[in-house]
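Asks: structure, please.
(chains A and B)
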Protein chains: 2
Amino acid sequence: MNLILISPEELDATGRARLIDHRAEHIRNVLRAEAGKVLRVGLLNGPFGTGTVETIMVDEVVLACEFEDEKPPRPSIDLLLAMPRPKVLKRLWAQFAALGVGRIFVTNAEKVERYYFDTHILEPEFYNARLIEGLQQARDTHLPEVTIVKNLKPFLETEKFPTIGKKILADPSGTQTIFQTLETGEAGHFKFFQGLEKRVLLAIGPEGGWTPYELELFKPHGFEVFGMGPRILRTDTACVALLGMISEIQRENL
Amino acid sequence: MNLILISPEELDATGRARLIDHRAEHIRNVLRAEAGKVLRVGLLNGPFGTGTVETIMVDEVVLACEFEDEKPPRPSIDLLLAMPRPKVLKRLWAQFAALGVGRIFVTNAEKVERYYFDTHILEPEFYNARLIEGLQQARDTHLPEVTIVKNLKPFLETEKFPTIGKKILADPSGTQTIFQTLETGEAGHFKFFQGLEKRVLLAIGPEGGWTPYELELFKPHGFEVFGMGPRILRTDTACVALLGMISEIQRENL
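Replies: Numbers count the residues shown, from 1 in each chain, chains lettered A, B, ... in the order given. Next up, the predicted model:
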């Protein structure tokens, strides 16, 4: 835990937060903080700040918090992911938040087993806890917004992601590389479409890939297809590699 | 399993392999192969080929194998990794092989707990099975060579990696990006040092980072330091993201 995240509803009128969970344990046992110690904290979906330890007891820690005026920027990657096997997704949530994702759409696909959706891994209570774990690891405050999409076609038709600068889709059929779809040409700079947000929406299919019908559904919405060479990667490996890659390309360009 | 890998010692003089483990199970239950079916196979550390199902029984499958003349190219990334917590490394082996790594050096570091090395995860029997699993996922035949390094300083002094084109080290102190260390400048092409192999050696430190003393040890051997921005990633997330990134940059350039 490299940042202690506090929810707005945990703060009282005087800016004090009373922690009784694993954060309190971390402050006591890992940071070995004593009263008066100033810790780096973050407000969930808000700015960073400091938390001064006021009380430290076996079962609770009270922090007096002060926050900065400005929030850190929201990660400028969104992810559309065909529902992987629940045990794979279970381990991915924290990594998504750590790598930095604004929105996560978990969708159905023809090659996704229907029963994959009958899992507690898709309950907000479960995934928000894992996402917060990832934010506390990576030192970010922006909780990714998660949407579960049980029917891809109407979703793509209504959502359309009109303002997003780049929409890219990983598929073995792709002949371009990710660098080519992001058009990192001249001096390595993105050529985002004029007037659009500098965001990238990354779509990743199921283990068996998108079907030709599904690939056709994506095309009218401006998704460009790219491949990752002859190696076949597991969904979790591909997700982490691609999210890391896009955020490094963005850091290079923004 | 996207490729069935066969070890040279499993082949008899007529090129037949008798499989009795999970590969036989996969051929029977997932591929639902019958006698006569031709399967894509690979020879461990050798070429791809075909395996014709000759016998298929409850407890064994016999494949008559023929291999191509040429081996696929060996992955041109090597990894030097400070020993992570055993449960983290346990899950990484298969991903290393899937992403494609030529050599893996698992090293000690000042911030690595000594007891991390007392684990079956570092036994060849354990990691080779996981590496082969990753190769069978990604469709590769090159088994990464693993070296366990219990003392970093003499290792760096004797090994020196003299022929490797690029040696890069991920550390929060790095002010360059990975793209800058790989000098993907002009037309996006690597500027490898003349006369050196087109390989990249990536060094990744422990969760707490390399110490200043360790960073100094790496410098005379030509390691260039890069950072990954303000986010602090777990070792497993960083490894997968960086290996994926380097192999995409290599695909773009080679």
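
Asks: number of nearby residues for residue A:39?
Replies: When neighbours are defined as other C-beta atoms under 10 Å in any protein chain shown, residue A:39 has 19 of them. The C-beta positions use only the backbone N, C-alpha and C, and glycine is treated the same way.

Asks: give the helix, strand or coil label for it.
Replies: strand (DSSP: H, G, I helix; E, B strand; the rest coil).

Asks: wait, doesn't it sit right on residue A:32?
Replies: No: Residue A:39 is beyond contact range of residue A:32, at 11.6 Å (criterion: C-beta atoms under 8 Å).

Asks: just for the stretch 151-254 of chain A, where's the confidence low?
Replies: A:184-197, A:254 (pLDDT under 70).

Asks: how about the residues of it near chain B?
Replies: Within the stretch 151-254 of chain A, the positions near chain B by C-beta under 8 Å from any C-beta of the partner chain are A:177-179, A:184, A:188, A:228-234, A:237-238, A:240-245, A:247-249, A:251-252.

Asks: buried set for the helix or strand where residue A:246 lies?
Replies: Per DSSP states H and E: residue A:246 is located in helix A:235-253. By neighbour count on 16 or more other C-beta atoms under 10 Å in any protein chain shown, the buried set for helix A:235-253 is A:235-252.

Asks: also stretch A:198-207?
Replies: Buried residues in stretch A:198-207, counting neighbours by 16+ other C-beta under 10 Å, are found at A:199, A:200, A:201, A:202, A:203, A:204, A:205, A:206, A:207.

Asks: and the residue nearest to the spatial centre of chain A, helix, strand or coil?
Replies: Nearest to the mean C-alpha position of chain A, counting by C-alpha atoms, centre = their mean, stands residue A:101 at 2.9 Å. At residue A:101 the chain is in coil, as set by three-state DSSP.

Asks: likewise residue A:216?
Replies: helix.

Asks: what residues are up against the residue of the stretch 1-150 of chain A found nearest chain B?
Replies: In the stretch 1-150 of chain A, the residue that lies nearest chain B is residue A:138 (4.1 Å; C-beta to the nearest C-beta). Residues near residue A:138 by C-beta atoms under 8 Å, 6 or more residues apart in numbering or on different chains: A:2, A:97, A:98, A:99, A:100, B:231, B:232, B:233.

Asks: does chain B sit close to stretch A:34-54?
Replies: No: using C-beta under 8 Å from any C-beta, stretch A:34-54 stays clear of chain B, coming no nearer than 10.6 Å.

Asks: need the distance between the two termini of that stretch.
Replies: 8 Å (C-alpha to C-alpha, to the nearest Å).

Asks: which parts of it are buried?
Replies: In stretch A:34-54, counting by 16+ other C-beta under 10 Å, buried: A:39, A:41, A:42, A:43, A:44, A:46, A:48, A:49, A:51, A:52, A:53.

Asks: mind putting the residues you listed in JSON lines, secondary structure included?
Replies: Shown next, in JSON lines, are the buried residues of stretch A:34-54 (three-state DSSP):
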{"residue": "A:39", "secondary structure": "strand"}
{"residue": "A:41", "secondary structure": "strand"}
{"residue": "A:42", "secondary structure": "strand"}
{"residue": "A:43", "secondary structure": "strand"}
{"residue": "A:44", "secondary structure": "coil"}
{"residue": "A:46", "secondary structure": "coil"}
{"residue": "A:48", "secondary structure": "strand"}
{"residue": "A:49", "secondary structure": "strand"}
{"residue": "A:51", "secondary structure": "strand"}
{"residue": "A:52", "secondary structure": "strand"}
{"residue": "A:53", "secondary structure": "strand"}
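
Asks: nearest residue to residue A:136 other than its sequence neighbours?
Replies: Once flanking residues are discounted, residue A:136 sits nearest to residue A:1: 4.7 Å by C-beta to C-beta, 6 or more residues apart in numbering or on different chains.

Asks: what's around that neighbour, how many residues?
Replies: The burial count for residue A:1: 15, using other C-beta under 10 Å.

Asks: what residues are up against it?
Replies: A:23, A:26, A:30, A:136, A:137.

Asks: cutoff 10 Å now
Replies: A:22, A:23, A:25, A:26, A:27, A:30, A:31, A:133, A:136, A:137, A:139 (C-beta atoms under 10 Å, 6 or more residues apart in numbering or on different chains).

Asks: from residue A:95, how far off is it?
Replies: In this structure, residue A:1 and residue A:95 are 15 Å apart, going by C-beta to C-beta, to the nearest Å.

Asks: now residue A:54. Nearest residue, chain neighbours left out?
Replies: Leaving aside its sequence neighbours, residue A:54 sits nearest to residue A:62 (C-beta to C-beta, 6+ apart; 4.5 Å).

Asks: and what of residue A:134?
Replies: residue A:97 (2.9 Å).

Asks: quick check: which element contains that neighbour?
Replies: Applying DSSP H and E, one finds residue A:97 within helix A:86-99.

Asks: I'd like the next helix or strand past that helix.
Replies: strand A:103-107.

Asks: which other helices and strands contact that following strand?
Replies: strand A:77-82, helix A:86-99, helix A:124-138, strand A:145-149, helix A:152-159, strand A:197-204 (3 or more C-beta pairs under 10 Å, 6 or more residues apart in numbering or on different chains; DSSP states H and E).

Asks: not counting the fifth one itself, show me its contacts.
Replies: Residues outside helix A:152-159 that contact it (C-beta under 10 Å, 6+ apart): A:80, A:82, A:105, A:107-110, A:112, A:147, A:149, A:203, A:210, A:213-214, A:217-218, A:220-221, A:223.

Asks: how about the fourth one?
Replies: By C-beta under 10 Å, 6+ apart, the residues outside strand A:145-149 that reach it are A:45, A:74, A:78-83, A:93, A:96, A:101-109, A:117, A:122-124, A:127-128, A:131, A:155-156, A:159.

Asks: and the closest residue in space to residue A:75 that isn't next to it in sequence, how many neighbours does it have?
Replies: With C-beta to C-beta, 6+ apart as the criterion, residue A:75 has its nearest non-adjacent residue at 3.4 Å, and that residue is residue A:100. Residue A:100 is flanked by 26 other residues according to other C-beta under 10 Å.

Asks: which residues touch residue A:100?
Replies: For residue A:100, the contact set (C-beta under 10 Å, 6+ apart) comprises A:73-77, A:134-135, A:138, A:140, A:142, A:144, A:243-244, A:246-247, A:250, B:229-231, B:233.

Asks: what is the burial count for the closest residue to residue A:86 other than its chain neighbours?
Replies: Nearest residue to residue A:86, sequence neighbours excluded (C-beta to C-beta, 6+ apart): residue A:119, at 4.2 Å. For residue A:119, the neighbour count with other C-beta under 10 Å is 15.
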